[in-house]
Structure formats: structure tokens, C-alpha cells
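In: would you be able to build a 3D model of this:
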Amino acid sequence: MCVDELENEQMFTTSEGASARERLDLLLAVARMYYLENKGQDEISRTIGYSRPTVSRLLAEARERRMVTITVSHPLEQVLDLERRLTRRFGLDLAVVAGQTSGLPGMNVGRVGAQALVDHGNARILVALSNGTSVAAVVDAMPQQRWKYSCVTQMIGSLGVPDRELVDSPDLCRRLAAKMGGTYRPMPVPIVLTSAAVARSVRHEEIVVSTFELAARADVALVGVGAVGADGTSGAILRNYLTDEVRAEVRKGRAVAHICGHHFDAGGRHVRTSLCDRMICMAPERLTGIKLSLAVAWGHEKVAALHAVLKADLVSGLATDEATARELLAYEP
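Out: Next comes the predicted model:
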């Protein structure tokens, strides 16, 4: 370092060498060049006429005087935090949360649910499906795969009514199997039968027994979560089967959710109704034996239902959106 430069630096470090305003201006200029313009300290040194060690001291002083705020972030940071909080709060193996984007919530949740399926998939994966718009959203978003030996099976009977939106379990199984590149196991049996006696008989049919045994051994199960209204109404899936008697039973049991055709109260306890005896579906408790049982749901109206299902410890995973995740974490029944 030459004598003139040394004298300049020494003069700069004293209160008499530069006014406070000039010093602040220089500190800001150096900080902007380094942090905003990505200039190296050597280049800054040449620009301001001081040595590199002086530039280093100026940068340190700018930080000490809080002229520089360093933030490390990403648009998905809040989503990742929500996923961690959900897994801890409800003891889940997996939580996937769709961030707030321009798309519709159902499409966004469908995408993260489909990605979870891809992440857990392989050429021999076995997937079990319930029914409904949330499961359909995952199927719609599923990218094409070449899982030659994969299989999709029903875990619930069919609605038995025309379904323009293709949210019935047989349709969903067929569509998902086509996207996975594998096969599917149909079960042409209604979800609800005319009487408990008929249902008991059908449950012993080989196709029903073998289908539910296959579903219970699935690698991944995709299940929708239904909300229950104050009048005992349980969404579109069960609407045609909810007689006044059944709705009264649902209200009496204070049910707030239904999954796989069965109702649950806010504490996660099964609410038995006369409809249970007529249902053709895999027992909900068998979801606990599946490697990943992923509940898919979103929206303010589903928060209480989701909370109940998670309290029941029936599922090991959740796919939802950011707004629902925040409500769910703050929810107290």
C-alpha cells in the first residue's frame, strides 16, 4: 500500500476525515454494490479508492449498524413450515400443502396429491381408492406413468347412479389405472344396499372379500373426507341414502365427518348408524395398515371434518391447501 493511500485510510477512520453524512453515504454505497449489484470487494475497492481491507471493514460496519438485512427465503417456505407443523400436530407420516397460486384450490391440491403418489410409486404399486371430487382431483392431476405391473382397486362400492363428473370409485379406478399404465380391479357392487341382511350376504361374496383384502394391502390409499351439516346431511356422495331416520342418528351421534361411508364425531369416534349395516366398503380402521393412507380435502367447510378424521388416527397422510392448513392448525372443536 502506498503512503498516500495509507494516509487516506487513516484519515477516513477518524471523525475528522469525513463528516457523518459522508460516512453514511459511503457505507450505503459499498453495501449496495456488494449485496445488490453483486460486485466483489476488489472491484469496490477500485471504485471507491480504498483498499480491500477497508472495504471489508465498511461492509462489517454496515451490518453492525443494521444498514444491511440479509433474508434467506423462498415462496414455498411457509408451505414447508405448514407441512412440518401438520405432521407434528397430528402425528402424520406425510403432509403436502398446495401454496396459494392462481389456480383453483381443487386443482392445486390435486397436483400435490398426485405428486405424493408419484413419489411413493413404482412399477408394482397397488393403490386403493374411495370416491368423490377430492380423489378425482388427484386422478385428474396424475401425470402419465409406465408402471406396467401397477394395480388400482376399489375400497368402496359404487354409487349406482349416473355420474357426469366421474367421481365414482369404478370410474376413478379405471382412469387412474390408465394414467399409471397398469390394471384395475373393479367391484360392481353398490355402496349401499337395500337392507342389512342383503349387505351381510353380499359382503361374503368372493369378489367383495377379495377386493377389500386387496385394498387393505395397498401401498397407497386415496380417500376423501366428507363434512356433515347441522341437519345430518353428509354431502353429495351419501345424499341419496340419508333418510330422516339416518339423519336423526347422525345428529344424535354429533357426527361431523364421514370417511369411507362411515360417520365420526369431533373426537374421532365412530358414530354407528343404521346406514353402516347396509354399507359395502372396507372397514375404515383397516386404513391404518396401509403404508400411506392419504386424506385429500380442502375448504373452510372441511376443517372440522378433517380434524375429526385426523383425531381418529385413520390416515397417515394429508393433502390440502394453504388456507385450510392454517385453519386446521388453529382449529379447536
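
In: please enumerate the helices of the stretch 51-200 of the chain.
Out: Applying DSSP state H, counting those that start in this stretch to the stretch 51-200 of the chain gives helices spanning 52-64, 77-90, 105-119, 133-141, 169-180, 196-203.

In: so which of those helices is nearest residue 248?
Out: helix 196-203 (17.5 Å; CB to CB). All C-beta atoms are positioned from the backbone trio N, CA, C, and that covers glycine.

In: how many residues are close by residue 318?
Out: For residue 318, the count of nearby residues is 29 (other CB atoms under 10 Å).

In: and the host helix or strand of it with helix 77-90, angle?
Out: Element membership of residue 318, judged by DSSP states H and E, is strand 317-321. Put simply, strand 317-321 runs at 140 degrees to helix 77-90, going by axes from the mean of the first three to the mean of the last three CA atoms, to 10 degrees.

In: coming back round to it: can I get the helices of the stretch 51-200 of the chain in JSON lines with mean pLDDT, distance to residue 99 and mean neighbour count?
Out: Shown next, in JSON lines, are these (pLDDT from 0 to 100; distance: least, CB to CB, whole Å; neighbours: other CB atoms under 10 Å):
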{"stretch": "helix 52-64", "mean pLDDT": "90", "distance to residue 99": "32", "mean neighbour count": "17"}
{"stretch": "helix 77-90", "mean pLDDT": "90", "distance to residue 99": "5", "mean neighbour count": "16"}
{"stretch": "helix 105-119", "mean pLDDT": "93", "distance to residue 99": "7", "mean neighbour count": "21"}
{"stretch": "helix 133-141", "mean pLDDT": "95", "distance to residue 99": "15", "mean neighbour count": "23"}
{"stretch": "helix 169-180", "mean pLDDT": "95", "distance to residue 99": "24", "mean neighbour count": "21"}
{"stretch": "helix 196-203", "mean pLDDT": "94", "distance to residue 99": "43", "mean neighbour count": "14"}
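
In: the strand holding residue 318 pairs with which strands, parallel or anti?
Out: The pairing partners recorded for strand 317-321 under DSSP bridges are strand 94-98 (parallel), strand 292-296 (parallel).

In: what's next to the first one, contact-wise?
Out: Outside strand 94-98, the residues that touch it by CB atoms under 8 Å, 6 or more residues apart in numbering are 79, 82-84, 86-87, 105, 108-109, 111-113, 115-116, 292, 294, 298, 316-322, 325.

In: next, residue 281: phi, psi?
Out: Backbone dihedrals for residue 281, given as degrees, to the nearest 10, come out at phi -160, psi 160.

In: ok, it - contacts?
Out: With contact taken as CB under 8 Å, 6+ apart, residue 281 is in contact with 130, 155-157, 191, 260-262.

In: residue 264 too?
Out: Listed by CB under 8 Å, 6+ apart, the contact set of residue 264 reads 255-258, 270-271, 308-309, 312.

In: switch to 7 Å and redo it
Out: 255, 257-258, 270-271, 308-309, 312 (CB atoms under 7 Å, 6 or more residues apart in numbering).

In: what does residue 259 give?
Out: Contacts of residue 259 were listed using CB under 7 Å, 6+ apart, and they are 223, 225-226, 284, 309, 314.

In: mind redoing it with 10 Å?
Out: By CB atoms under 10 Å, 6 or more residues apart in numbering, the residues touching residue 259 are 130, 223-226, 281, 284, 287, 293, 295, 297, 305-306, 308-309, 312, 314-315.

In: got it, and residue 91?
Out: By CB under 10 Å, 6+ apart, the contact list for residue 91 reads 310, 313, 316.

In: avg pLDDT for stretch 222-242?
Out: Regarding stretch 222-242, the rounded mean pLDDT is 83.

In: need the CA coordinates for that stretch. CSV is fine.
Out: The C-alpha trace of stretch 222-242 is given here as CSV (Å, rounded to 0.1, in the frame of the first residue of the first chain):
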residue,chain,number,x,y,z
LEU,A,222,-56.5,-42.1,-1.5
VAL,A,223,-59.6,-41.2,0.5
GLY,A,224,-61.9,-38.2,0.5
VAL,A,225,-63.3,-36.6,3.7
GLY,A,226,-66.9,-35.6,3.8
ALA,A,227,-68.3,-32.8,6.1
VAL,A,228,-71.6,-33.3,7.9
GLY,A,229,-74.1,-30.4,8.2
ALA,A,230,-76.0,-29.5,11.2
ASP,A,231,-79.1,-31.2,9.8
GLY,A,232,-77.2,-34.5,9.5
THR,A,233,-76.7,-34.2,5.7
SER,A,234,-73.4,-35.8,4.6
GLY,A,235,-72.6,-34.3,1.2
ALA,A,236,-73.4,-35.5,-2.3
ILE,A,237,-71.9,-39.0,-2.0
LEU,A,238,-74.4,-40.2,0.6
ARG,A,239,-77.2,-37.8,-0.1
ASN,A,240,-79.5,-40.4,-1.8
TYR,A,241,-79.2,-42.8,1.1
LEU,A,242,-79.8,-40.4,4.0
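
In: any stretches of the stretch 151-300 of the chain with poor pLDDT?
Out: Across the stretch 151-300 of the chain, the ranges flagged by pLDDT under 70 are 160-166.
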